[in-house]
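Peer 1: generate a structure from the sequence data that follows.
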Amino acid sequence: MPDDALDDFTARDVTVGTATKTVYAKGEGPAVIVIAEMPGISPKVADFARKVATRGLTAVMPSLFGVDGRDPRPDALGRVGSTRYMAETIARACISREFTVLATGKTSPIADWLRGLAAQEHDRCGGPGVGAVGMCFTGGFALAMATDDRLLAPVLSQPSLPFGVIPARNRSIDLSDADLAQVKSRCAAGLQVMGLRFEGDRLAPRSRFDFLREQLGDAFLAVELPDFSASPDSMLPQPHSVLTEDLIDEPGQPTYDAREQVLDFVAEKLRH
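Peer 2: Numbering: from 1, shown residues only. Below you'll find the model as predicted:
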């Protein structure tokens, strides 16, 4: 797959507080913030955003890391180039003050910027509220955004932070106690949270979903897929990226059905 020029999206700079970032938008209707996984807005992340836009929604992709539109696969960059690009992007994110990677009980500072973006997009696009889809490194960011009442459709696809350096870290998510309490209160009042993972995924382990079930109760809508349902053409060493790299984009495939569940979920919540 070649690099994606993203020329069917409208790009603009968005400032929240003192931080300005490039944001790509496509579609009309209530906004859904699509937060890219590592190593950034790849062609497959952009394709997922395009699917969001087909549902009468505005897909909004903020650029948080990586090279926008770059295809990270080895057949595009070569195996060495692909590995280097991924490693360098992760390393820069890990030392950035915007992201909390290892600590438990903390919300990444970038969540404040994302909440501000969601507020601006709600004002711009209208509708009853905003959706957010986080993936892998950014999976928990969608949950952190749900402290804002405007966030009506949070989706956590293979949430991977904090990294499970020790097993105890897997029974947590990158959210402060105060933010988690606020989200739990909203769930008790009717908010639902969708989560997706492959059953054997060690980056988004079962214990993290068990933790979310315990904390959020029936409000947590978990979709856990068998590993064999992942794309055999994936660049990843194990099934991980449900909505992008490991997706088999064919009706009847479990990953296809999971993506459609996500699109149905955000459309239902935002198009009353």
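Peer 1: which other helices and strands contact whatever helix or strand residue 46 lives in?
Peer 2: Using DSSP states H and E, residue 46 falls within helix 43-53. When contacts are defined as 3 or more C-beta pairs under 8 Å, 6 or more residues apart in numbering; DSSP states H and E, helix 43-53 packs onto strand 19-27, strand 31-35, strand 58-62, strand 130-135, helix 254-270. Heads up, the C-betas are built off the backbone N, CA and C, glycines and all.
Peer 1: mind putting these in TSV, mean pLDDT and distance to residue 172 included?
Peer 2: What follows is the helices and strands packed on helix 43-53, written out as TSV (pLDDT from 0 to 100; distance: least, C-beta to C-beta, whole Å):
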stretch	mean pLDDT	distance to residue 172
strand 19-27	97	26
strand 31-35	98	19
strand 58-62	98	25
strand 130-135	98	16
helix 254-270	98	23
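Peer 1: neighbouring contacts of the helix holding residue 46?
Peer 2: The contact list for helix 43-53 (C-beta atoms under 8 Å, 6 or more residues apart in numbering) reads 1-4, 6, 8-9, 24, 26-27, 32, 34, 36-37, 59, 61, 69, 71, 133, 135, 241, 243-245, 247, 259, 263, 266.
Peer 1: on that earlier part again, out of the helices and strands packed on helix 43-53, which gets nearest to residue 82?
Peer 2: Closest to residue 82 of the helices and strands packed on helix 43-53 is strand 130-135 (C-beta to C-beta; 18.1 Å).
Peer 1: got the angle for the closest one vs helix 254-270?
Peer 2: Orientation check (axes from the mean of the first three to the mean of the last three C-alpha atoms, to 10 degrees): strand 130-135 against helix 254-270 gives 160 degrees.
Peer 1: now the angle from strand 130-135 to strand 31-35?
Peer 2: 20 degrees.
Peer 1: export strand 130-135 as CSV, just CAs?
Peer 2: C-alpha atoms of strand 130-135 as CSV (Å, rounded to 0.1, in the frame of the first residue of the first chain):
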residue,chain,number,x,y,z
VAL,A,130,-18.9,13.6,20.1
GLY,A,131,-17.4,10.1,19.6
ALA,A,132,-13.8,9.0,20.1
VAL,A,133,-12.0,5.9,18.8
GLY,A,134,-8.5,5.3,20.4
MET,A,135,-6.2,2.5,19.2
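Peer 1: after that strand, next one along is what?
Peer 2: Counting by DSSP H and E, the next helix or strand C-terminal to strand 130-135 is helix 139-145.
Peer 1: what about the helices in this structure?
Peer 2: Ranges of helices within the chain are 43-53, 74-77, 79-95, 110-125, 139-145, 177-188, 206-216, 254-270, based on DSSP state H.
Peer 1: to residue 14, which of these lies closest?
Peer 2: Closest of the helices of the chain to residue 14 is helix 110-125, at 5.9 Å (criterion: C-beta to C-beta).
Peer 1: just the buried residues of the contacts of helix 43-53.
Peer 2: Listed as buried from these are 4, 6, 9, 24, 26-27, 32, 34, 36-37, 59, 61, 69, 71, 133, 135, 241, 243-245, 247, 259, 263, 266; burial here means 16 or more other C-beta atoms under 10 Å.
Peer 1: pull the contacting residues for the closest residue to residue 14 other than its chain neighbours.
Peer 2: Leaving aside its sequence neighbours, residue 14 sits nearest to residue 23 (C-beta to C-beta, 6 or more residues apart in numbering; 4.6 Å). Contacts for residue 23 were tallied using C-beta under 8 Å, 6+ apart; they are 11-14, 60-63, 117.
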